[in-house]
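Trainee: I would like to see how this sequence folds:
(one chain, ligands or ions: 1)
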Amino acid sequence: MDNAAPDGWLDVCPSDALVDGGDGVRFEVSGGVSAFAVRFEGRVRAFLNQCAHVPVELDWQPGRFFDDSGRYLICATHGATYQPEDGRCVAGPCRGRSLTILMCEERGARVRVRVSEVPAP
Ligand code: FES
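Mentor: Numbers count the residues shown, from 1 in each chain. Reported below is the predicted structural model:
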């Protein structure tokens, strides 16, 4: 969180860097923990980059969080499939568990994430 503003919000990227169902943007929260932001159905969503199955990062190729359909987030390791709306795993080895969701918003054509209250994974 060292690079966050005093109000606890971290400026992540320009809004137009996130295309619906396209590549995500990686960033770090407190303690160097990896996180990412994507856009789905027009809205930005942000999560810790840690699979609910085994605590590894989801993206084998940096930024590739969506499956080929652009409808679900997928872990490259064993294929856990998550709903981008809320991070819930709907298929794969950790079905019923969830990614850790982060509060985020768009303001002034920038994406920002609240990193002062990151929940434990
Ligand atoms: S580590 Fe993500 S599905 Fe197994």
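
Trainee: which parts of this protein sit against the ligand?
Mentor: Residues of the chain that fall close to the ligand, judged by CB under 6 Å from any ligand atom: Cys51, His53, Val54, Val56, Cys75, Thr77, His78, Gly79, Ala80, Gly92, Pro93. The C-beta positions use only the backbone N, C-alpha and C, and glycine is treated the same way.

Trainee: Could you rerun that using 5 Å?
Mentor: Cys51, His53, Val54, Val56, Cys75, Thr77, His78, Ala80 (CB under 5 Å from any ligand atom).

Trainee: Top of those by number of neighbours, please.
Mentor: Of all the residues of the chain next to the ligand, Cys75 has the most neighbours under the rule other CB atoms under 10 Å, reaching 26 neighbours.

Trainee: My guess is that residue contacts Arg64. True?
Mentor: No: counting by CB atoms under 8 Å, Cys75 does not reach Arg64; the two are 11.0 Å apart.

Trainee: could the residues of the chain next to the ligand be laid out in JSON lines, adding pLDDT and secondary structure?
Mentor: Shown next, in JSON lines, are the residues of the chain next to the ligand (pLDDT from 0 to 100; DSSP: H, G, I helix; E, B strand; the rest coil):
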{"residue": "Cys51", "pLDDT": "98", "secondary structure": "coil"}
{"residue": "His53", "pLDDT": "97", "secondary structure": "coil"}
{"residue": "Val54", "pLDDT": "96", "secondary structure": "coil"}
{"residue": "Val56", "pLDDT": "97", "secondary structure": "coil"}
{"residue": "Cys75", "pLDDT": "98", "secondary structure": "coil"}
{"residue": "Thr77", "pLDDT": "97", "secondary structure": "coil"}
{"residue": "His78", "pLDDT": "97", "secondary structure": "coil"}
{"residue": "Ala80", "pLDDT": "98", "secondary structure": "coil"}
